[in-house]
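A.B. asks: coords please:
(one chain, ligands or ions: 1)
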Amino acid sequence: MTDFRERIILALDFGSPEEAYACLDRLTGDVKYVKVGMELFYAAGPAIVSTLKERGFKVFVDLKIHDIPNTAQGAMRSLARLGADMMNVHAAGGVKMMAAAREGVEQGTPAGSPRPLLIGVTMLTSTSEDVMNSQLLIPGKLEDTVAGYAAFTKEAGLDGVVASPLEVPLIKETCGTSFVTVTPGIRPAGSAKGDQTRVTTPEEALLTLNSDYIVIGRAITGAVDPRAAWNDMIDSLKASR
Ligand SMILES: O=C(O)c1cc(=O)[nH]c(=O)n1[C@@H]1O[C@H](COP(=O)(O)O)[C@@H](O)[C@H]1O
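C.D. replies: Residues are numbered from 1 along each chain as shown. I've put the predicted structure just below:
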């Protein structure tokens, strides 16, 4: 994939479809892949997915399903009917839940349409090793948990994981190079970390650590001039290539 833009997923974390479309209108022609997370999905309803598809975007529906296997399967069956390109569940739900979710995706995908990628969320990029140890009560190194969750995600038949870009080499080593890595926690040089913990720049994530997809939100959508912020990111990627 030579065009960086195919590998950049813009997180549309807005409270209404109007705000999301207004942002996209300022970035027309450049953004190829968007993410609909809980804020926008719950505000706009499922129809937002087909509307974005009709407008030509690839869509990642990020609802991070985590429930008993039967419920996760049903949720994914319903979501798969919407025609998204990528969806996710929490790997912490375990192999049985993830395998059920995968079955739900297959049941819901409309005949003749490609099955959406199903991705397992390992350890949220806002979580530090200290918080994982002291509040999630998971002992040991955070990287070991991410690698272990990635292995279970693969065992369950999913296509890849969400993790920090910093963990991509380890995930590829553990699960193979074709196992998809989707990485939020992206902060262009000089931008504020905010609530994220395990962050790196777009250049490091895409060019050095070889993440398959990066997810970026506020550094673009919250910029005074989203178009300028986007162009700066693409220019910097081209210059670093
Ligand atoms: O699944 C996700 O997309 C996700 C997982 C994760 O570990 N960390 C994470 O930040 N995300 C999402 O990625 C986006 C990151 O947004 P920014 O921090 O604004 O770039 C948000 O929509 C998060 O919900």
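A.B. asks: Quick check: the gap between the closest residue to residue 147 other than its chain neighbours and residue 160.
C.D. replies: Take residue 147 and drop its neighbours on the chain: the residue closest to it by Cβ to Cβ, 6 or more residues apart in numbering is residue 174, 4.7 Å away. Just so you know, the C-beta spots here come from the backbone N, C-alpha and C atoms, and that holds for glycine as well. Computed as Cβ to Cβ, to the nearest Å, the residue 174 to residue 160 distance reads 12 Å.
A.B. asks: which one of those two has more residues nearby?
C.D. replies: More crowded of residue 174 and residue 160, by other Cβ atoms under 10 Å: residue 160, with 23 against 16.
A.B. asks: which residues does the more buried one contact?
C.D. replies: Applying Cβ atoms under 8 Å, 6 or more residues apart in numbering, we find residue 160 in contact with 117, 119-120, 153, 179-182, 212.
A.B. asks: For the ligand, see how far away the residue nearest to it when sequence neighbours are not counted is.
C.D. replies: Excluding the flanking residues, the one nearest residue 160 by Cβ to Cβ, 6+ apart is residue 180, at 2.7 Å. As judged by Cβ to the nearest ligand atom, to the nearest Å, residue 180 and the ligand stand 13 Å apart.
A.B. asks: Next: residue 17.
C.D. replies: 16 Å.
A.B. asks: One more: residue 89?
C.D. replies: 10 Å.
A.B. asks: Now do the helices in this structure.
C.D. replies: Taking DSSP state H as the criterion, the chain carries its helices at 17-26, 38-44, 47-54, 69-80, 95-108, 129-134, 142-155, 168-175, 202-203, 218-221, 226-240.
A.B. asks: what about residue 229, how many neighbours?
C.D. replies: Count around residue 229 with other Cβ under 10 Å applied: 19.
A.B. asks: Is it in contact with residue 219, as I believe?
C.D. replies: Yes - counting by Cβ atoms under 8 Å, residue 219 is a contact partner of residue 229 at 6.4 Å.
A.B. asks: Would you enumerate the residues in contact with the nearest residue to residue 189 once chain neighbours are set aside?
C.D. replies: In this structure, residue 189 finds its nearest non-sequential neighbour in residue 201, 5.5 Å apart by Cβ to Cβ, 6+ apart. Applying Cβ under 8 Å, 6+ apart to residue 201 gives the contacts 186-189.
A.B. asks: Poorly predicted segments of this structure, please.
C.D. replies: 1-2 (pLDDT under 70).
A.B. asks: With adjacent residues omitted, what lies nearest to the residue of it found nearest the ligand?
C.D. replies: Proximity of the chain to the ligand (Cβ to the nearest ligand atom) peaks at residue 217, 2.8 Å away. Nearest residue to residue 217, sequence neighbours excluded (Cβ to Cβ, 6+ apart): residue 11, at 3.2 Å.
A.B. asks: thought the one you found was touching residue 37?
C.D. replies: Yes - counting by Cβ under 8 Å, residue 37 is a contact partner of residue 11 at 6.3 Å.
A.B. asks: Close to the ligand: what parts of the protein are there?
C.D. replies: 11, 13, 37, 62, 64, 88, 121, 124-125, 162, 184, 186, 196, 215-219 (Cβ under 6 Å from any ligand atom).
A.B. asks: the inter-axis angle of the strand ranked longest in the chain versus helix 47-54?
C.D. replies: Longest strand in the chain, counting residues (DSSP state E): strand 58-65. Between strand 58-65 and helix 47-54, the angle comes out at 160 degrees (axes from the mean of the first three to the mean of the last three Cα atoms, to 10 degrees).
A.B. asks: and strand 58-65, what does it pack onto?
C.D. replies: strand 33-36, helix 38-44, helix 47-54, helix 69-80, strand 86-90 (3 or more Cβ pairs under 8 Å, 6 or more residues apart in numbering; DSSP states H and E).
A.B. asks: Would you format those as CSV with mean neighbour count included?
C.D. replies: Output for these, formatted as CSV (neighbours: other Cβ atoms under 10 Å):
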stretch, mean neighbour count
strand 33-36, 24
helix 38-44, 16
helix 47-54, 16
helix 69-80, 20
strand 86-90, 25
